[in-house]
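Engineer: From the sequence below, what's the structure:
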Amino acid sequence: MSAATKTITGVLAGAVGLAVLLFIAPKTPSDAHKGHEHAEKKSTTASLELFLNTSEQALPQAEKDRLSEFKKTSRFDSLQAFWLKNKRPDLVAYYAEQNALKTQKTEDWVLAGERYYGSARFVKDNTELPILYQSAIRCLKTAIEKGSTESKTKIVLASCYVEGSENPMEGISLLREVEKTDSNNVQLQLAFATFSMKSGQTDKAIKRFKNVLRIDSTYLEAYLYLADIYDQEKDKPNTIKMLEVYASKTPDPTSKIEVQKYIEELKFK
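Structural biologist: As a prediction, this is how the structure comes out:
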């Protein structure tokens, strides 16, 4: 990791983080595929329940008793709050899905899917990652089947395909479909930029981050990502330029100091 990357990562950690998102639209499955999806759903649910049971067993008795009361009355809001307090976003997502199963509301399916996707960034056991991505896909597809037409839902779903499935191109192609009708969506452009970076397509990543700034000039983190790309390309003048623009615009005094300090280091290298 370069010094610029370390500096930028640290600044981003304290700033408004990049919402790395992507999309997808469900296709009509064959009967055989439906059977596979049903089996997959049972498998991922069973796996999540294993993590849930293990976590419950590790709780102090008083907490176990409290949790038991919530479970008896199916108080899914309290169960989510309980696991949020215990810093287990994956289990918060699990109970968000249980709530969606109960209410069958489109917005609850969206919320469950987004929570599964978000929890993947905090998981400590990497064997849980595929389960979380598949669970997110399951919930978001259900939301779309129930009529959700929001670009954000499709973008998050596509991100799950790109980041956590064996069908990344399905997500990319669907992202392009979203772009046909919603090209000025910042999350869409961020998704393109992020995955261009991951695949080493730096020219495309630069173009997409510039699109982000064209659409929303207040999304200052884009300057940091551009600086990181230029730094990796050994382009010192543009690295410094992007960092200077960020430092001049950010209202965060800590970030400003950190970035300005690194700019001075770069100038004297």
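
Engineer: how many neighbours does Leu84 have?
Structural biologist: Close neighbours of Leu84, defined as other Cβ atoms under 10 Å, add up to 14. For every residue, glycine as well, the C-beta is placed using N, CA and C.

Engineer: again with Tyr246
Structural biologist: 25.

Engineer: The one 3 residues further on too?
Structural biologist: Burial of Lys249, expressed as a neighbour count using other Cβ under 10 Å, amounts to 12.

Engineer: Strands along the stretch 101-250 of the chain, start to end?
Structural biologist: Counting by DSSP state E, counting those that start in this stretch, the stretch 101-250 of the chain has no strands to list.

Engineer: okay but Glu97 is in contact with Tyr116, surely?
Structural biologist: Yes. Here Glu97 reaches Tyr116: they are 7.4 Å apart, a contact under Cβ atoms under 8 Å.

Engineer: which one of those two has more residues nearby?
Structural biologist: Taking other Cβ under 10 Å, Glu97 and Tyr116 do not tie; Tyr116 has more neighbours (31 against 24).

Engineer: Flag the shaky bits of the chain, pLDDT-wise.
Structural biologist: The model of the chain has pLDDT under 70 over residues 1-46.

Engineer: can you give me the helices in it?
Structural biologist: 3-14, 31-57, 61-72, 76-85, 89-103, 106-119, 129-145, 151-164, 168-181, 186-198, 202-215, 221-232, 236-249, 253-267 (DSSP state H).

Engineer: who touches the shortest one?
Structural biologist: When contacts are taken as Cβ atoms under 8 Å, 6 or more residues apart in numbering, the neighbours of helix 76-85 outside the stretch itself are 66-67, 70-71, 89, 91-92, 94-96, 98-99, 102.

Engineer: Dump those to a markdown table, plus neighbour count and distance to Asp203.
Structural biologist: Below are the contacts of helix 76-85 laid out as a markdown table (neighbours: other Cβ atoms under 10 Å; distance: Cβ to Cβ, whole Å):
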| residue | neighbour count | distance to Asp203 |
| --- | --- | --- |
| Arg66 | 14 | 55 |
| Leu67 | 18 | 52 |
| Phe70 | 17 | 52 |
| Lys71 | 16 | 53 |
| Pro89 | 21 | 35 |
| Leu91 | 22 | 41 |
| Val92 | 22 | 39 |
| Tyr94 | 26 | 41 |
| Tyr95 | 25 | 44 |
| Ala96 | 27 | 39 |
| Gln98 | 18 | 45 |
| Asn99 | 20 | 44 |
| Lys102 | 11 | 48 |
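
Engineer: Reformat the residues you listed as JSON lines; add distance to Asn53.
Structural biologist: Converted to JSON lines, the contacts of helix 76-85 look like this (distance: Cβ to Cβ, whole Å):
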{"residue": "Arg66", "distance to Asn53": "17"}
{"residue": "Leu67", "distance to Asn53": "12"}
{"residue": "Phe70", "distance to Asn53": "15"}
{"residue": "Lys71", "distance to Asn53": "12"}
{"residue": "Pro89", "distance to Asn53": "18"}
{"residue": "Leu91", "distance to Asn53": "11"}
{"residue": "Val92", "distance to Asn53": "16"}
{"residue": "Tyr94", "distance to Asn53": "11"}
{"residue": "Tyr95", "distance to Asn53": "14"}
{"residue": "Ala96", "distance to Asn53": "18"}
{"residue": "Gln98", "distance to Asn53": "15"}
{"residue": "Asn99", "distance to Asn53": "19"}
{"residue": "Lys102", "distance to Asn53": "21"}
